[in-house]
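**Student:** Sequence and predicted structure are below.
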Amino acid sequence: MVNTDGRLVPSEQAVVSVFDRGFLSGDSVYEVVRSYRGVPFELGAHLARLERSARLIGLGLPMPLERIGAEVQHTGDATGNPESYARIIATRGSRELGLEPGLAHDGRLIVIAKELVPPPPEAYERGVRLALVERRRNEALDLQAKTGNYLNNVLAMEQAKARGAYEALMLNTHGRITEAASANVFLVQAGALCTPPLAAGILEGVTRRVVIALARGLGLPVHERDLVLDDLFSADEAFITSTTRELVPVVAVWQGELERPIGSGAPGPLTRRLLGEFRDRAQRLSTRR
């Protein structure tokens, strides 16, 4: 189901102008939200980040956040799926060709909702493999803006898939760990949770923030600090986080032609514990509708 500016249409009937700057230039911002029992998880945090992203690139949202939230809920309800995936896209609009932002008018708000397809159970039971890719994290844009210009991540994922990995692992231009192509990265070292800081060139993930809060609530040390490859390969555990996948254990990383295990090469106890805590929180919040 697709919602275009407040109007629901079946996916096969949804259209966007070929002159829309989101299509032509990636001149848009977006968010991805998932629902549990029909309730969008951390919707307020996602909408706040959408507003921040729009502000950072000087894009005016086409409707108030409260209305956008209502459209997300409405579109998700229309799918009839208790667990759904929703992508919220705000574009600068269309009109004349050219790069000047002032040429655009009539910004668009699009919500795409469909049934959530989570990773297979074995991804959580056995863990996944990442591939260290040559492509570096793009530092040309403000990385706290989640924009439609995602080509750098697409190409990183292409390299990872060519290696047969589940996800890409990207470094910044200083050789420090940043994130996966579409997820944040965590390591477990001596019982402490470690993750790259925002200054390393990462997007502040909503799931990342929830996991940090959960870990601190359990009394676990959390360190947001620069991480290098030696930290990764000496870690006891590793996992990635994202909205649609929650926490996925990482058991090995391809470095060139070499597959290097992380810790014991199996999902670790702290990763499993945090995944359980995360799912408990999501289910509790989904009962407060």
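**Tutor:** It's in. Remember, predicted model here, so these are calculated numbers, not experimental data.
**Student:** going forward, measure contacts and count neighbours with C-alpha atoms only.
**Tutor:** Fine.
**Student:** pLDDT weak spots in the stretch 1-150 of the chain?
**Tutor:** Low-confidence segments of the stretch 1-150 of the chain (pLDDT under 70): 98, 100-104, 139-143.
**Student:** how about the helices in it?
**Tutor:** 21-25, 43-56, 65-79, 121-126 (DSSP state H, counting those that start in this stretch).
**Student:** Just send these back as JSON lines, with mean neighbour count too.
**Tutor:** Below are these laid out as JSON lines (neighbours: other C-alpha atoms under 10 Å):
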{"stretch": "helix 21-25", "mean neighbour count": "19"}
{"stretch": "helix 43-56", "mean neighbour count": "18"}
{"stretch": "helix 65-79", "mean neighbour count": "18"}
{"stretch": "helix 121-126", "mean neighbour count": "14"}
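**Student:** Of all the ones you listed, which one comes closest to Val206?
**Tutor:** In terms of C-alpha to C-alpha, the element of those nearest to Val206 is helix 43-56, at 6.8 Å.
**Student:** What mean pLDDT does whichever helix or strand Arg273 is part of get?
**Tutor:** For Arg273, the host element (DSSP states H and E) is helix 269-285. Here helix 269-285 scores 96 as its mean pLDDT.
**Student:** Could you list the buried residues of it?
**Tutor:** Using 16 or more other C-alpha atoms under 10 Å as the test for burial, helix 269-285 gives 270-272, 274-275, 277-278, 282-283, 285.
**Student:** Show me the contact partners of it.
**Tutor:** Outside helix 269-285, the residues within contact range by C-alpha atoms under 8 Å, 6 or more residues apart in numbering are 36-37, 41, 188, 191, 210-211, 214-215, 237-239, 246-247, 249.
**Student:** For that helix, list the C-alpha coordinates in PDB.
**Tutor:** Only the C-alpha atoms of helix 269-285 are listed here, as PDB (Å, rounded to 0.1, in the frame of the first residue of the first chain):
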ATOM      1  CA  PRO A 269      25.600 -14.400  25.300                       C
ATOM      2  CA  LEU A 270      25.500 -10.700  25.600                       C
ATOM      3  CA  THR A 271      24.200 -10.300  22.100                       C
ATOM      4  CA  ARG A 272      21.500 -12.800  22.800                       C
ATOM      5  CA  ARG A 273      20.600 -11.100  26.100                       C
ATOM      6  CA  LEU A 274      20.300  -7.700  24.500                       C
ATOM      7  CA  LEU A 275      18.200  -9.000  21.600                       C
ATOM      8  CA  GLY A 276      15.800 -10.500  24.200                       C
ATOM      9  CA  GLU A 277      15.600  -7.300  26.100                       C
ATOM     10  CA  PHE A 278      15.000  -5.300  22.900                       C
ATOM     11  CA  ARG A 279      12.200  -7.600  21.800                       C
ATOM     12  CA  ASP A 280      10.600  -7.500  25.300                       C
ATOM     13  CA  ARG A 281      10.600  -3.700  25.100                       C
ATOM     14  CA  ALA A 282       9.100  -3.600  21.700                       C
ATOM     15  CA  GLN A 283       6.300  -6.000  22.600                       C
ATOM     16  CA  ARG A 284       5.600  -4.100  25.800                       C
ATOM     17  CA  LEU A 285       5.300  -0.800  24.000                       C
END
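**Student:** For the residue nearest to Val32 when sequence neighbours are not counted, name its beta-bridge partners.
**Tutor:** Ranked by C-alpha to C-alpha, 6 or more residues apart in numbering and with sequence neighbours excluded, the top spatial neighbour of Val32 is Arg87, at 4.5 Å. Per DSSP bridges, the residues bridged to Arg87 are Val32, Ile112.
**Student:** List the contacts of the nearest residue to Glu125 once chain neighbours are set aside.
**Tutor:** Leaving aside its sequence neighbours, Glu125 sits nearest to Pro267 (C-alpha to C-alpha, 6+ apart; 7.1 Å). Neighbouring residues of Pro267 by C-alpha under 8 Å, 6+ apart: 124-127, 237, 249-251.
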